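Novice: dropping the sequence and predicted coords here.
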Amino acid sequence: MPEKEFEGAQSYDALYKNGNLMISTLTGKMTYKFPDHCIIDVGGVGYMVNTSFSTFDMLPEPGSNLSLNIYTYVREDQLQLYGFFTPEEKRVFQRLISISGVGPKMALAILSGLPCKELLAAILHADNARLCAIPGVGRKTAERIILELRDKLSKDMGTSSSCETQKHSLVRDDAVSALVNLGYKKQVAEGTVLKIKVNDEMKIEELIKMALRELNRI
């Protein structure tokens, strides 16, 4: 969906009507697992969730209960779920797909090529050779990842020293993604979400509601 100024008086309910409600976590029974995805049964509905090799290695045996951090990727012609065992891996995934030319599939391949901590170290130390060793990552892509993410990830690690702060960042990122899928420009969505104070009890749905009320006043 192209980025554009939001048009019309859509409300929070439109998220449900248009099928764009962000899924931030999934908890249920894992029925199948494969190296690149798993299927989670939630109330009789099987959700296919794309995963990295790192998350795959931490999945329990089929039939076990499971909870994954989810990134919902929505476009006009597709809706895909990407699951992560840790909030940190989800956040790095979101940072990766913010780079021009790096889509969800490549971001997942990057996280499969290097465990999250090793990937962070390679980016922070500008280890171009380590990134280029990941299948599908060329020199230009590696340079772009380092250029665009080095300072951001360094800041993330410096400011997200507690689990609470990491949770707040993830909730904000999910809210921004939901607003972008509704048609707001990313810069407008980020600015609006940052104005809202997030507490430990706040859910993604509540933050989106507050952001939409704020945007409707603009």
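Specialist: Arrived safely, thanks for sending.
Novice: could you point out the longest helix of this protein?
Specialist: Longest helix of the chain, by residue count under DSSP state H: helix 139-159.
Novice: which secondary structure elements does that one sit against?
Specialist: Counting contacts by 3 or more Cβ pairs under 8 Å, 6 or more residues apart in numbering; DSSP states H and E, helix 139-159 is packed against helix 87-97, helix 116-124, helix 128-132. No exception for glycine: its C-beta is placed from N, CA and C like everyone else's.
Novice: which residues sit against that helix?
Specialist: 91-92, 95-96, 98-102, 106, 110, 120, 123-124, 126, 128, 131-132, 137, 165, 169 (Cβ atoms under 8 Å, 6 or more residues apart in numbering).
Novice: quick check: which of the helices and strands packed on helix 139-159 is buried the most?
Specialist: helix 87-97 (a mean of 21; mean count of other Cβ atoms under 10 Å).
Novice: where do the domain boundaries of the protein fall?
Specialist: Following automatic domain parsing, one gets these domains for the chain: 22-85, 87-159, 161-218.
Novice: strands of this protein, start to end?
Specialist: 25-34, 37-42, 45-51, 65-75, 78-84 (DSSP state E).
Novice: could I get the ones you listed in TSV, plus columns for distance to residue 180 and mean pLDDT?
Specialist: Output for these, formatted as TSV (distance: least, Cβ to Cβ, whole Å; pLDDT from 0 to 100):
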stretch	distance to residue 180	mean pLDDT
strand 25-34	20	92
strand 37-42	24	94
strand 45-51	20	94
strand 65-75	9	89
strand 78-84	14	90
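Novice: which one, of the ones you listed, ends up nearest to residue 175?
Specialist: Residue 175 lies closest, by Cβ to Cβ, to one member of those: strand 65-75, at 11.9 Å.
Novice: ok, the closest one: who's next to it in the sheet?
Specialist: Applying DSSP bridges to the sheet, strand 65-75 is found paired with strand 25-34 (antiparallel), strand 78-84 (antiparallel).
Novice: how about a markdown table for the ones you listed, with distance to residue 71 and mean neighbour count added?
Specialist: Formatted as a markdown table, the strands paired with strand 65-75 follow (distance: least, Cβ to Cβ, whole Å; neighbours: other Cβ atoms under 10 Å):
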| stretch | distance to residue 71 | mean neighbour count |
| --- | --- | --- |
| strand 25-34 | 10 | 16 |
| strand 78-84 | 4 | 19 |
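Novice: adding distance to residue 45, write the ones you listed out as TSV.
Specialist: Below are those laid out as TSV (distance: least, Cβ to Cβ, whole Å):
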stretch	distance to residue 45
strand 25-34	9
strand 78-84	12
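Novice: got any ranges where this protein has weak pLDDT?
Specialist: Along the chain, segments meeting pLDDT under 70 span 1-21, 154-169, 200, 218.
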